[in-house]
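A.B. asks: Fold the following for me, if possible:
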Amino acid sequence: MAINKVIPSMELKEYIQIIIKNSKIFVLVVLVVTVAIFSYFSLRPMSYSASLTLNITRATVQHSNEYQFDNYYRLQADDKFAETVVQWLKSPRMVTDIYANAGVDTQGLNLSRLSKSFKADKMSSQIVLVTLQSKSVEEAKKVSGALVKS
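C.D. replies: Down below sits the predicted model:
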């Protein structure tokens, strides 16, 4: 035996009456949310993003009269080294060294924050894209320069 329950449907004018009846609450909620969002974005500290594209390749080439296989093995070595660089940039120790070389204090950063300071992605066999966040443009320049030198 099935029991069919009939749910009464409301008309548009009934919905409008409910909104008008509770308009003070509706306006109050909208205002509170708007003020909260404005406060969040106006009080949060400024943050700058920097992006570096690193081309990982060997600086010197060994000259030989032998067939080089179109530099296949050199390209393979560059690919593996690019993977190594990506993993290094996830290491808190490496990040601390880069910040130290840039002259930026890392005292307020814990291990988790240090390991997430740089986001390194291997784009192709030799290209590594590194993005970082900083408090100022000058700090971003210093850290970027130190990263390239490391």
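
A.B. asks: contacts and neighbour counts: CA atoms only from here.
C.D. replies: Noted.

A.B. asks: mind checking the SS state of residue 119?
C.D. replies: strand (DSSP: H, G, I helix; E, B strand; the rest coil).

A.B. asks: Check whether it really touches residue 132, as I assumed.
C.D. replies: Yes - using C-alpha atoms under 8 Å, residue 119 is in contact with residue 132, at 6.4 Å.

A.B. asks: tell me, what's touching these two both at once?
C.D. replies: By C-alpha atoms under 8 Å, 6 or more residues apart in numbering, residue 119 and residue 132 have no common neighbours.

A.B. asks: Would you indicate which residues of the helix or strand of the chain with the lowest mean pLDDT are buried?
C.D. replies: Least confident helix or strand of the chain, by mean pLDDT, DSSP states H and E, is helix 111-115 with a mean of 77. Neighbour-count burial for helix 111-115 flags 114, 115 (criterion: 16 or more other C-alpha atoms under 10 Å).

A.B. asks: Not counting it itself, show me its contacts.
C.D. replies: 89, 90, 91, 92, 95, 96.
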